[in-house]
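Engineer: Just a sequence and a predicted model for now, questions to come.
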Amino acid sequence: RGLELNPNYAIGHFYFANYLLAKEQFQDALQEARRAKALDPVSLPARSNTATALYYSGQHDQAIEQCFEALEINPTFARSYEDLGRIYWEKGMRREAIRAYRRAVTYSGRSSLYTAELAHAYAATGRRKDALQLLKELTIQARKRYVSPYAFALVYTGMGNKDQAFAWLGRAYEERAGTLPFLKIKPEFASLRSNPRFHKLLSRMGLES
């Protein structure tokens, strides 16, 4: 409705791109993300959104270019390092991915989400001790401020603990966690996709095709 009222509303295109990603309409999402960027070319989140859409469209090298464009504007923009971590991981560049996730954690002031993504990467590469240390950090954080259950689900998925992962995903659903609609397309949760509990959760969210 916002885009009907104002077709040049950059934020409207930004969030419509996110909706289309969750619905697995990747090419349409990329078109919307690019439109948002064109309307607001100095917006770092718009550049990150374009990188994300390129990533899910399978255009990894172009996604990396978008990340570096954003980092040229602001070398401490944490979200672009998160994007790089995800893209490098998909390309099999594990060392580079972990390095990028570390920078995302540092520049974000130790964001719980970025910390969880780093912990997931550690766990998935056999660095269980490092993953557990970050899980402990998240637990301590949660006593002082809000930490989404999604973050804990991500860590436990990386550690191969499916029961805990689904328990935390259930909590994330109850709290309407903002990251949960992207569960179906997130490669980090690929190990859960064959489990009936995964499809039941997607169905509850209206995302099961």
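Structural biologist: Good, I have the coordinates.
Engineer: in which helix or strand would I find Pro41?
Structural biologist: Using DSSP states H and E, Pro41 is not contained in any helix or strand.
Engineer: So, low pLDDT: which residues of the chain?
Structural biologist: 209 (pLDDT under 70).
Engineer: Just to check, Lys171 is in contact with Pro149?
Structural biologist: Actually, residue 171 is Arg. It isn't Lys. Yes. The pair Arg171 / Pro149 is scored as a contact, 3.7 Å apart, by C-beta atoms under 8 Å. Yep, even glycine has a C-beta here, placed from its N, CA and C like the rest.
Engineer: In terms of neighbours, single out the busier of these two.
Structural biologist: When neighbours are counted by other C-beta atoms under 10 Å, Pro149 comes out ahead of the other of Arg171 and Pro149, with 19 against 15.
Engineer: Show me the helices in the chain, by range?
Structural biologist: In the chain, the helices defined using DSSP state H lie at 2-5, 10-22, 26-39, 44-56, 60-73, 78-90, 94-107, 112-124, 128-144, 149-158, 162-174, 196-205.
Engineer: And the ones you listed: which comes nearest Pro187?
Structural biologist: helix 78-90 (6.5 Å; C-beta to C-beta).
Engineer: what angle separates the closest one from helix 94-107?
Structural biologist: 160 degrees (axes from the mean of the first three to the mean of the last three C-alpha atoms, to 10 degrees).
Engineer: which residues does Pro149 contact?
Structural biologist: Trp168, Leu169, Gly170, Arg171, Ala172, Glu175, Ala177 (C-beta atoms under 8 Å, 6 or more residues apart in numbering).
Engineer: repeat that with 10 Å
Structural biologist: Ala142, Ala167, Trp168, Leu169, Gly170, Arg171, Ala172, Tyr173, Glu174, Glu175, Ala177, Leu180 (C-beta atoms under 10 Å, 6 or more residues apart in numbering).
Engineer: and it, how far is that from Arg127?
Structural biologist: 23 Å (C-beta to C-beta, to the nearest Å).
Engineer: what do you get for Arg35?
Structural biologist: 40 Å.
Engineer: The two: which is more packed in?
Structural biologist: Using other C-beta under 10 Å, the more surrounded residue of Arg35 and Arg127 is Arg35, with 22 against 15.
Engineer: how close does that one sit to Ala121?
Structural biologist: Noted for Arg35: a distance of 32 Å to Ala121, by C-beta to C-beta.
Engineer: One more: Leu202?
Structural biologist: Going from Leu202 to Ala121 by C-beta to C-beta gives 24 Å.
Engineer: For these two, indicate the residue with more neighbours.
Structural biologist: Using other C-beta under 10 Å, the more surrounded residue of Leu202 and Ala121 is Ala121, with 25 against 17.
Engineer: Surely Pro45 touches Ile11?
Structural biologist: Yes. The criterion here is C-beta atoms under 10 Å, and Pro45 meets it with Ile11 at 9.4 Å.
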